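# Got a predicted structure here, sequence first:
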Amino acid sequence: MPRAEFRSYYGRPVLKPPVWEWKVPAYFFTGGLAAGSSLLAAGADLTGRPELCRAARLGSLGALVASSGLLIADLGRPERFHHMLRVARPTSPMSVGTWILATFGPGSGLAGVAEMVPGGLRETLPGRLLTAAARPAGLAAAALAPGLAAYTAVLIAQTAVPAWHEARRELPFVYTGSAAASGGGLAMLFTPVAQAGPARRFAIAGTIGEITASRVIDARPGLATETYRTGRAHRLRRAAEILNVGGVIAAATVARRSRAAAAAAGLALLGGSILQRFGTFEAGVASTRDPKYVVVPQRARLTAAARDQSG
Amino acid sequence: MTHAQHSLYGPLADPAADAGHREHPPRVGFFTDTSVCIGCKACEVACKEWNNVPEDGLNLLGMSFDNTGMLGASTWRHVAFIEQDQGGDAGFRWLMASDVCKHCTHAGCLDVCPTGALFRTEFGTVVVQDDICNGCGYCVSGCPYGVIDRRPDDGRAWKCTMCYDRLRGGLEPACAKACPTQSIQFGPLDELRERAAQRLDDLHDAGVAQARLYGHDPGDGVGGDGAFFLLLDEPEVYGLPPDPVVPTRDLTESWKYAGMAAGVLVAAALSAFARRGAR
């Protein structure tokens, strides 16, 4: 790649770096985990796999609680969280996502709580009502889960942050793949291997999608995706890929027989998913810190346009 | 549908009407003619005083006379100082330019705001309501100019309001009022664009070939700026992006790919359960 020559104002960034801290990429992970778990839970419920259903429903509920906490804590004014719910704005992926999460929450929550009813209370009227409501609640959550898994990619893509905006076609596949990988990984951790088949297959498919989409970003030449291949973002994504490849191989082989191996594979996939979120996040932040990622591509665009006009 | 697409990107004659204002005054803006800026920073001071913007660092930055650095949550006017040795007979020159929020026709900050705290005023400007903003920070990354920012001790996002309170009272913004050389000109945007075109012609006739307008073109990536500039060098020299584009331009495309990815996720879930057998 040729050394980029460009002019700037004392080398200062043109853009403001994102004000978001670790809580935002952490939320991308937990939101994806909640989505992936809900899909698994619904499938397990419908195909009669109670152990898998239980693990996935509880996983979805736990991830949902974590997601809500992270989202609120990241605000500059957490006590004003409910201001998100005073409007619905289609041009704001964060508004769309807030409404997806707000409608996903009750279904995931109800299905999860139903799994926590102690055996002695299941035969009481409230217990029976809760158990009966769990299936429609879980299915409602599963219906919203794909949106929950995918919208966070649109959220970061619709910014002026060069590395995020330029990867807008690939990031949704990275994020939904990562959601499936983590959802499957968590279920493998907490489900007997006999019932965990769908979790393994879901995790394998998701991880392969995630790795592929990540590699597509890496393979794109040019400055816009350089921060994915360099520095901290590169190290995080490289570690994510190692964990993902290891997790997939284990999930496809030893995890079918050994509970311990399944747990190890699940942990690797969860770790891969977390690192992937922090890696893509970091790539975006890095692309705002150096003015070249703004100036060089925009200047090239103007030069090309001028050439088209004169020639 | 055409209307909806139109209002996300491209030329837009009347952003206030597009935002729902029926009876409204003409769109107003700033034309900042940097060729007559003397770097006095009266605009910075007047802005801080009128808007009660807190102090945000008293540092010597070693960047010529610039000790504010860049626009931010508590710097709504920023005067840039650039010292250039052009060599030969041209010699040394000193560029000064007062930067401000561009009040874009298609404002990335406004588009992504999830609370409605950012809104389009009847004057066509873009303003944050400080009693609504919950500090989500999305606008900070939505702005292609790096203007709006979150105030760390306050948690909310802040930027130039074009003195919304003064406009409603029939006054011009504090910075324009204080500018001693009319480098900052305030008025109806249509008039400012005509005046700027005339000024550019005059400068070119006078042999200032480097003079150029920035942000005046309704056909640019943000549909034209409500605050535009006459510059004497390339925009990036002043810390401005050469060809900014509102991220919302690609909204439909992003959701299309997200939809495909969501579809693949559903397919993966279905196929994970489709296999027959105990496992």
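Sure thing, it's come through.

# all contacts plus neighbour counts: C-alpha atoms, from now on.
Fine.

# Could you give the bridge partners of B:His78?
B:His78 forms beta bridges with B:Asp99, as assigned by DSSP bridges.

# Contact partners for it?
Applying CA atoms under 8 Å, 6 or more residues apart in numbering or on different chains, we find B:His78 in contact with B:41, B:44, B:68-71, B:97-100.

# How about A:Leu85, nearest residue that isn't a chain neighbour?
Leaving aside its chain neighbours, A:Leu85 sits nearest to B:Thr115 (7.2 Å; criterion: CA to CA, 6 or more residues apart in numbering or on different chains).

# ok, and that neighbour, which helix or strand is that part of?
For B:Thr115, there is no host helix or strand (DSSP states H and E).

# Kindly reformat the contacts of B:His78 as JSON lines and extend each row with neighbour count and pLDDT.
Listed next are the contacts of B:His78 as JSON lines, based on neighbours: other CA atoms under 10 Å in any protein chain shown; pLDDT from 0 to 100:
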{"residue": "B:Lys41", "neighbour count": "21", "pLDDT": "97"}
{"residue": "B:Glu44", "neighbour count": "22", "pLDDT": "97"}
{"residue": "B:Thr68", "neighbour count": "21", "pLDDT": "95"}
{"residue": "B:Gly69", "neighbour count": "21", "pLDDT": "95"}
{"residue": "B:Met70", "neighbour count": "23", "pLDDT": "96"}
{"residue": "B:Leu71", "neighbour count": "22", "pLDDT": "98"}
{"residue": "B:Ala97", "neighbour count": "27", "pLDDT": "98"}
{"residue": "B:Ser98", "neighbour count": "25", "pLDDT": "98"}
{"residue": "B:Asp99", "neighbour count": "26", "pLDDT": "98"}
{"residue": "B:Val100", "neighbour count": "27", "pLDDT": "98"}
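
# Out of the residues you listed, list just those in helices.
Under the assignment DSSP state H, the contacts of B:His78 contribute B:Glu44 to helices.

# quick one: which of the contacts of B:His78 is nearest B:His204?
Closest approach between the contacts of B:His78 and B:His204, by CA to CA: B:Ala97, at 19.0 Å.

# who's in contact with the closest one?
B:32-34, B:37, B:39, B:78-81, B:231, B:238.

# who touches A:Ala44 in this structure?
Neighbour list for A:Ala44: A:50, A:52-53, B:273 [criterion: CA under 8 Å, 6+ apart].

# any idea whether B:Tyr145 is helix, strand or coil?
Taking DSSP: H, G, I helix; E, B strand; the rest coil as the rule, one finds B:Tyr145 in the coil state.

# surely it meets A:Pro13?
No - the pair B:Tyr145 / A:Pro13 is not scored as a contact, 10.2 Å apart, by CA atoms under 8 Å.

# out of these two, which sits in the busier spot?
Higher neighbour count among B:Tyr145 and A:Pro13: B:Tyr145, with 27 against 23, using other CA atoms under 10 Å in any protein chain shown.

# For that one, grab phi and psi.
phi -100, psi -10 (degrees, to the nearest 10).

# Please report how far it lies from chain A.
B:Tyr145 sits 6 Å away from chain A, going by CA to the nearest CA, to the nearest Å.

# What ranges in chain A fall below the confidence cut-off?
For chain A, the stretches with pLDDT under 70 are A:1-4, A:311.

# Helices of that one, start to end?
Under DSSP H, chain A gives helices at A:23-46, A:50-73, A:93-114, A:125-157, A:162-166, A:171-190, A:197-219, A:231-252, A:259-289, A:292-310.

# now the contacts of B:His78 in CSV, with distance to A:Ala44?
What follows is these, written out as CSV (distance: CA to CA, whole Å):
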residue, distance to A:Ala44
B:Lys41, 67
B:Glu44, 63
B:Thr68, 59
B:Gly69, 57
B:Met70, 55
B:Leu71, 54
B:Ala97, 64
B:Ser98, 62
B:Asp99, 58
B:Val100, 56
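
# For B:Asp202, state which of the contacts of B:His78 is nearest.
B:Ala97 (19.3 Å).

# ok, and the closest non-adjacent residue to residue 34?
The chain I'm using is chain A. A:Ser60 (4.1 Å).

# was after chain B, sorry
In space, B:Thr34 is closest to B:Ala97, 4.9 Å off (CA to CA, 6+ apart).

# that older thread, can I get the helices of chain A in JSON lines including distance to B:Phe92?
Shown next, in JSON lines, are the helices of chain A (distance: least, CA to CA, whole Å):
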{"stretch": "helix A:23-46", "distance to B:Phe92": "47"}
{"stretch": "helix A:50-73", "distance to B:Phe92": "51"}
{"stretch": "helix A:93-114", "distance to B:Phe92": "48"}
{"stretch": "helix A:125-157", "distance to B:Phe92": "43"}
{"stretch": "helix A:162-166", "distance to B:Phe92": "35"}
{"stretch": "helix A:171-190", "distance to B:Phe92": "48"}
{"stretch": "helix A:197-219", "distance to B:Phe92": "44"}
{"stretch": "helix A:231-252", "distance to B:Phe92": "39"}
{"stretch": "helix A:259-289", "distance to B:Phe92": "30"}
{"stretch": "helix A:292-310", "distance to B:Phe92": "25"}
